[in-house]
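In: I'd like to go over a predicted model; first the sequence, then the structure.
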Amino acid sequence: MAQENVEVPITGKIVGVNVKVGDTVKEGDTLCLLESMKMENPILAPVDGTITQVGVSVEQVVKPGDLVAIIEY
């Protein structure tokens, strides 16, 4: 099966994680919320599939390129 690595697009802090390993997601589902410059930015699933790895946790400070999740499809 193919895998999609979802990465952080901007520097910020994770304020919510909506998925866990084994969850099924649809394209457009919110994987987590990232706060940057006082705004909450949803990180969305780019494909339908199953979460095989979650790379972030609440309160974690992240930078572009950090792994949010791996989706197998």
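Out: Great, that's in hand. Note that the structure is predicted; figures quoted are calculated from it, not measured. Numbering: from 1, shown residues only.
In: how about residues contacting the strand or helix carrying L34?
Out: With the criterion set as DSSP states H and E, the secondary-structure element containing L34 is strand 30-36. The set of residues that contact strand 30-36 without belonging to it, under Cβ atoms under 8 Å, 6 or more residues apart in numbering, is 6, 8, 10-19, 25, 40-45, 51, 56, 62, 68-69. C-betas here are computed from N, CA, C, even on glycine.
In: stretch 6-18 now?
Out: 29-37, 40-41, 43, 45-46, 54, 56-71.
In: please list only the buried members of the contacts of strand 30-36.
Out: For those, a burial check counting by 16 or more other Cβ atoms under 10 Å picks out 6, 8, 12, 14, 17, 19, 25, 41, 43, 45, 51, 56, 62, 68-69.
In: among the residues you listed, which lie within strands?
Out: With strands defined by DSSP state E, the entries of those inside them are V6, G12, I14, V17, V25, N41, I43, I51, V62, V68, A69.
In: tell me the bridge partners for the first one.
Out: Right, V6. On DSSP bridges, the residues paired with V6 through beta bridges are A69.
In: in the sheet, who's paired with K13?
Out: Bridge pairing for K13 (DSSP bridges) gives the partners E35, V61.
In: can you check V25 too?
Out: G49.
In: count of residues packed around I71?
Out: The local packing of I71 (other Cβ atoms under 10 Å) involves 26 other residues.
In: near the closest residue to it other than its chain neighbours, how many other residues are there?
Out: For I71, ignoring the flanking residues on the chain, the nearest one in space by Cβ to Cβ, 6 or more residues apart in numbering is G49 at 4.1 Å. One way to gauge burial is a neighbour count; for G49, by other Cβ under 10 Å, it gives 21.
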